[in-house]
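> here is my input; please provide its structure:
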Amino acid sequence: MELGKVGIWWSGTWSGADGAHGAAAAEMESLGYGALWCSGGLDLGFPSRFGRLLDATEHIPVASGILSIWHANPAQAADGAAALGVAHPGRFLLGLGASHAPVVEQLGTEYALPYTRMVHYLDELDVHGPAVARDRRVLAALGPRMLTLAAERAAGAHPYFVPVEHVARARGLIGPGPLLAPELAVVPEVDPAVARATAREYTAGYLRLPNYANNLRSLGFDNDDLEGGGSDRLVDAVVAWGDTTTIAERVRSFHDAGADHVCVQVVTDRSQGFPLDAYRELGAALLGG
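Numbering: from 1, shown residues only. I've put the predicted structure just below:
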């Protein structure tokens, strides 16, 4: 599946059912973005949001970023992907993730042995046919074991909330063949104070999740960096902010570090809906060559 160099990651009203969001997806396709990534959300089962994005577009791939292995069982994931494969052949990429303890525990489920659960989940998918075969799935992966699993049992890895140093480390670990498609949050704002304040509205929640916090510690950030939504150093590492040229340079740095495809997420006020204007402006800088 060809994803191109730059895609869009969005989990807000992107996934809504009304026609305006379908129009936004169609325009992103027309601008030349390579893939549309959408969160699986927190409902149980296989979400309908992926199908709505596929229905609204003609050829662009749609990827789940991610579908939690605690919220949808292997049969649900396989059946959902198979149905999308019939309706939109070759356009759906199944992104799977082990989620986070605080999220899973809200289901009344113990968050135990997530790596082992992922292995068993992939074992079950392997008997469900080509729609969820190795080349049709990617894994959310941060640490060495999950990155290695992504390289061995999937098309590659989709790391989220990572700096460029993690991209380089991941590429070194998985080798040159597997797909590496990290997410990169961006704030199109040149004023440092405003940009970092906006970025901290995004980083604060993720820094409370142990998987992300521990991954950043492994890259040299300490507890002081993780406090208060993140130090300036941490915020600047995981969120690209500035004008379109500056943001494009950061995306390029991810590619230079080993990313095949960068999933750009504009950080904005979610109550305002999909940040169409920002993606239009970024498109000229990100997709020009």
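> report the secondary structure state of G4.
Following DSSP: H, G, I helix; E, B strand; the rest coil, the label given to G4 is coil.
> that one: what's it in contact with?
G4 makes contact with G32, Y33, G34, A35, H261 under the criterion Cβ atoms under 8 Å, 6 or more residues apart in numbering. C-betas here are computed from N, CA, C, even on glycine.
> any idea how far the third one is from L179?
Translated: G34. Taking Cβ to Cβ, to the nearest Å as the measure, G34 falls 12 Å from L179.
> hey, where'd the helices end up in the stretch 51-200 of the chain?
Secondary structure of the stretch 51-200 of the chain, counting by DSSP state H, counting those that start in this stretch: helices at 74-87, 101-105, 114-125, 144-153, 164-174, 192-207.
> any idea of the mean pLDDT for the longest one?
In this model, helix 192-207 carries a mean pLDDT of 96.
> where in the stretch 1-150 of the chain is pLDDT low?
Counting by pLDDT under 70, the ranges of the stretch 1-150 of the chain that qualify are 12-21.
> residue ranges of the strands in it, please?
Per DSSP state E, counting those that start in this stretch, the stretch 1-150 of the chain carries strands over the ranges 6-10, 36-38, 62-64, 67-68, 92-97, 137-139.
> with mean neighbour count as extra columns, can I get these in TSV?
Output for those, formatted as TSV (neighbours: other Cβ atoms under 10 Å):
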stretch	mean neighbour count
strand 6-10	25
strand 36-38	26
strand 62-64	27
strand 67-68	25
strand 92-97	26
strand 137-139	27
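> for H255, which of those is the nearest?
strand 6-10 (8.8 Å; Cβ to Cβ).
> touching that closest one from outside, list them.
Under Cβ under 8 Å, 6+ apart, the answer for strand 6-10 is 28, 33-38, 63, 65, 181, 183, 251, 261-266, 274, 279, 286-287.
> can you tell me which of those are buried?
Buried subset of those (neighbour count, 16 or more other Cβ atoms under 10 Å): 28, 33-38, 63, 65, 181, 183, 251, 261-266, 274, 279, 286.
> ok so, going back, between G34 and L179, which contacts overlap?
By Cβ under 8 Å, 6+ apart, G34 and L179 have these common neighbours: L3, H261.
> so what's the residue count around S99?
Other residues near S99 come to 23 when the count uses other Cβ atoms under 10 Å.
> kindly report the same for P192.
Residues near P192, counting by other Cβ under 10 Å, number 13.
> list the contacts for it?
Taking Cβ under 8 Å, 6+ apart as the test, what P192 contacts is W241.
> returning to that earlier point: now distance to G45 too, for the helices of the stretch 51-200 of the chain, in a markdown table please.
Listed next are these as a markdown table, based on distance: least, Cβ to Cβ, whole Å:
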| stretch | distance to G45 |
| --- | --- |
| helix 74-87 | 5 |
| helix 101-105 | 15 |
| helix 114-125 | 15 |
| helix 144-153 | 23 |
| helix 164-174 | 30 |
| helix 192-207 | 24 |
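> closest to A237 out of those?
It is, among these and with distance given as Cβ to Cβ, helix 164-174, at 7.7 Å.
> mind checking how far that closest one is from the chain centre?
Offset of helix 164-174 from its chain centre (Cα atoms, centre = their mean, to the nearest Å): 16 Å.
> tell me which of the strands of the stretch 1-150 of the chain lies nearest to A82.
The nearest among the strands of the stretch 1-150 of the chain, by Cβ to Cβ, is strand 92-97 at 9.5 Å.
> how far away from the center of its chain is that closest one?
Distance of strand 92-97 from its chain centroid, counting by Cα atoms, centre = their mean, is 10 Å.
> CA atoms of that strand as CSV?
Output of strand 92-97 as CSV, limited to C-alpha atoms (Å, rounded to 0.1, in the frame of the first residue of the first chain):
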residue,chain,number,x,y,z
PHE,A,92,-7.6,0.3,4.5
LEU,A,93,-4.6,-0.2,6.7
LEU,A,94,-5.3,-1.7,10.1
GLY,A,95,-3.3,0.1,12.8
LEU,A,96,-3.3,-1.8,16.1
GLY,A,97,-2.2,-0.6,19.6
